[in-house]
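Participant: can't give you the sequence, but here's the structure:
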């Protein structure tokens, strides 16, 4: 398994956007969003898939969008100077991947790699930012939903750090 090769997302077979609106409306991240906004998002979306071991993006690269994971597992990793890789988080079925497209300088903060074959919907960050700037209601919906995810993941990270600290031997 070659995990060092980054490749662009590949459109799913027959992915001519047919059914994308239905897939978006059914995704837990977008549940309850207005039909108007689902249609706007569908215009920015492309079904894609990743093979197990495929690198989706690397830290420092331009964050040109985000993904809604429909099926599969992605790990967010950080590479240390010694070459060791540390798993920061796991993103799976029904979750969004990536919020760096929302905030300047629009660069990925971690590496993302599929650990299990993955079906996803990829959104163009450039197109989304344009729509977000033109439609404050869409902007509010996207920020609200992404903020909920960020808070949940930050709380989980804090719990992990706390547990790790408790398991460390005390210095004497």
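Facilitator: Arrived safely, thanks for sending. Values in this document were obtained by computation on a predicted structure and should not be read as measured data. Numbering: from 1, shown residues only.
Participant: how about the top helix by length along the chain: buried residues?
Facilitator: Counting residues, the longest helix in the chain under DSSP state H turns out to be helix 136-167. If you call a residue buried by 16 or more other Cβ atoms under 10 Å, then helix 136-167 has these buried ones: 138-139, 141-142, 145-146, 153. Placement of C-beta: from N, CA and C, glycine included.
Participant: Against which helices or strands is that helix packed?
Facilitator: In terms of contacts (3 or more Cβ pairs under 8 Å, 6 or more residues apart in numbering; DSSP states H and E), helix 136-167 is packed against helix 35-42, strand 85-92, strand 96-97, helix 125-134.
Participant: what is the mean pLDDT for that helix?
Facilitator: Confidence over helix 136-167, taken as the mean pLDDT, stands at 84.
Participant: Quick one: distance of that helix to the chain centre.
Facilitator: Using Cα atoms, centre = their mean, to the nearest Å, we find the averaged C-alpha position of helix 136-167 to lie 13 Å away from the chain's own average C-alpha position.
Participant: Distance from the chain centre to stretch 85-96, please.
Facilitator: Centroid displacement of stretch 85-96 relative to its chain, using Cα atoms, centre = their mean, is 8 Å.
Participant: Next up, the contacts around residue 45.
Facilitator: 17, 20, 24, 121-124 (Cβ atoms under 8 Å, 6 or more residues apart in numbering).
Participant: Using a markdown table, lay out the residues you listed together with pLDDT.
Facilitator: Putting these into a markdown table (pLDDT from 0 to 100) gives the following:
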| residue | pLDDT |
| --- | --- |
| 17 | 57 |
| 20 | 95 |
| 24 | 96 |
| 121 | 97 |
| 122 | 96 |
| 123 | 95 |
| 124 | 93 |
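Participant: tell me which residues in stretch 37-56 are buried?
Facilitator: Neighbour-count burial for stretch 37-56, counted by 16+ other Cβ under 10 Å, picks out 37-38, 40-42, 44-50, 54-56.
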